[in-house]
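# structure of the sequence below:
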Amino acid sequence: MHSPKLNPETRAGDDWPSELYRILKAADVRQMSYVPDAGHRQLIRMFSADRDVTTNVLTTEEEGIAIAAGAWLGGQRSVLLMQSSGVGNCINMLSLSAIGRFPILMLVTMRGEWAEFNPWQVPMSRATQPSLEAIGLKVMRAETAEDLVETVEAAAALAYDSDQQIAVLIGQRLIGKKKW
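Next up, the predicted model:
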C-alpha cells in the first residue's frame, strides 16, 4: 500500500479514521472485510489490532458481501471497506443483500475523481454511484472529514437498525492525491 499525499484542505487535527473506528465499534461491528487500500490504511490497522473484531483480507471485493451475509446470519455486524474500482466486482453479488434484505455497510474510497493520475480509474468512478443505486443500495457521500463522520454514523444506524444496504462514498479529495 502506498501512502497518499495529504490533502492540503484537510486539517492535521482531523482524525476521521479514528472517529469512524469509534462509530463502528459503538455500532457493535464485529467483522471487517477489506481489499488492501491506502485510503483505508488507518482504519484497517485499527480494526486489525482489535482482538474483538475479526478482520478478513479479501482476494476480491464480492467475497466481502458473502462474509457480511454470514456475519449477519451468525448474529454479528460487519463492515466492508473497498475502493471504487472494486465496486464493479460486487454488483452481481450485491443481489444477495438486496434479495435477502440483510444489512450491509460499505465504505468506498473513491478514485478517478479529483487529481487522479490513472485514467483506468475514471470509468468505474463515474459508474460507482449509479451502479450501486441500480442494484438497490442507498448511497451516501462525504467530501469533508466532518461530513464523513456524521454520514458514517447515520449510515451505520440505517444499515444495522433498519436492515438497509448502504454504501458511503468517500470523496477522493478527502483521501488526497495518490502519489506513486
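# centre-most residue in the chain?
Leu107 (1.3 Å; CA atoms, centre = their mean).
# give me the sheet partners of the host helix or strand of that one and which way each runs.
Applying DSSP states H and E as the criterion places Leu107 in strand 104-109. Next to strand 104-109 in the sheet, as set by DSSP bridges, lie strand 77-83 (parallel), strand 165-170 (parallel).
# so for Ser97, which of those strands sits nearest?
Nearest to Ser97 among those is strand 165-170 (4.9 Å), distances taken as CB to CB. (Glycine included, C-beta is placed from N, CA and C.)
# which outside residues touch the closest one?
With CB atoms under 8 Å, 6 or more residues apart in numbering as the test, strand 165-170 has contacts from 39, 84, 87, 94, 97-98, 103-110, 128-129, 132, 136-142, 148, 151-152, 155, 158-159.
# coming back round to it: what's the distance between the residue nearest to the centre of the chain and Pro119?
25 Å (CB to CB, to the nearest Å).
# not counting its neighbours along the chain, what's nearest Ser18?
Among residues not flanking Ser18 along the chain, Met46 sits closest, at 7.1 Å (CB to CB, 6 or more residues apart in numbering).
# all helices for the chain, in order.
16-26, 41-49, 62-73, 84-90, 94-100, 122-134, 145-162, 172-175 (DSSP state H).
# looking at these, which is nearest to Tyr34?
From these, taking CB to CB, the stretch that ends up closest is helix 41-49, at 5.6 Å.
# which helices and strands does the closest one pack with?
Helices and strands touching helix 41-49, by 3 or more CB pairs under 8 Å, 6 or more residues apart in numbering; DSSP states H and E, are helix 16-26, strand 29-34, strand 54-57.
# most neighbours per residue, which of the ones you listed?
When you average the neighbours per residue for each of those (mean count of other CB atoms under 10 Å), strand 29-34 leads with a mean of 22.
# how far off centre is that one?
With CA atoms, centre = their mean, to the nearest Å as the basis, strand 29-34 stands 11 Å off its chain's centre.
# that strand pairs with which strands, and in what direction?
strand 54-57 (parallel), strand 77-83 (parallel).
# just send the ones you listed back as a markdown table, with mean pLDDT too.
Shown next, in a markdown table, are these (pLDDT from 0 to 100):
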| stretch | mean pLDDT |
| --- | --- |
| strand 54-57 | 98 |
| strand 77-83 | 97 |
